[in-house]
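In: Predicted model follows, preceded by the sequence.
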Amino acid sequence: MSLLASLSVSASGLAAQRARAELLVENLANAETTRTPEGGPYRRKDAIFTSQEQVSPFSAVFQKEMGAYSTGVEVSEIYQDPREPEKRYLPGHPDADAAGYVAFPRIHPAEDMVDLLGAARGYQANVSAMTAVKDMIHRSIDLLR
């Protein structure tokens, strides 16, 4: 794998982890949202990753001939939690049903914080990989002088 292909793989990882972090933050922000424009409480969302072939327009012909494709990652789907909402007895709440129960999202802030920490670490790992590749490119250029 070439150094530029390595950068492309890490860039795809950065984009995927950023999208995942955005969804996790959205979940945390809406942990108590009982009413959405779609109706009902907010539904927890998560990113589903799949591998994706990384093709650079400059090296596409070379990669095709050599069969040296690099694989990155992409967000293929945003999963929305289909489970029934959590019911809490709050008869004075404006969104309470006739029995006094309010539907709340099934979001556990501690779980989403752990997932957010994992996304941040994945992002940082890709930044570190890109920095290492950048240093290798600079050293290669220095050797050619």
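Out: Alright, I've got the coordinates. Worth saying up front: this structure is predicted, and the values here are computed from it rather than measured.
In: can you give me the helices for the chain?
Out: Here the chain has its helices, by DSSP state H, at 3-29, 60-66, 109-144.
In: Most tightly packed of those?
Out: helix 3-29 (a mean of 18; mean count of other CB atoms under 10 Å). Just so you know, the C-beta spots here come from the backbone N, C-alpha and C atoms, and that holds for glycine as well.
In: Make CSV out of the helices of the chain and add distance to residue 37 and mean pLDDT.
Out: Output for those, formatted as CSV (distance: least, CB to CB, whole Å; pLDDT from 0 to 100):
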stretch, distance to residue 37, mean pLDDT
helix 3-29, 14, 91
helix 60-66, 43, 56
helix 109-144, 22, 94
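In: Indicate which one of those helices is closest to residue 79.
Out: Minimum separation from residue 79 across the helices of the chain (CB to CB) falls at helix 3-29, 9.2 Å.
In: Can you check what angle separates the closest one from helix 109-144?
Out: 160 degrees (axes from the mean of the first three to the mean of the last three CA atoms, to 10 degrees).
In: shouldn't residue 3 be in contact with residue 136?
Out: Yes: between residue 3 and residue 136 there is a contact under CB atoms under 8 Å: 5.9 Å.
In: separation between the residue nearest the centre of the chain and residue 75?
Out: Centroid-nearest residue in the chain, with CA atoms, centre = their mean: residue 20, separated by 1.9 Å. According to CB to CB, to the nearest Å, residue 20 stands 7 Å off from residue 75.
In: same deal with residue 7?
Out: Separation of residue 7 from residue 75 (CB to CB): 19 Å.
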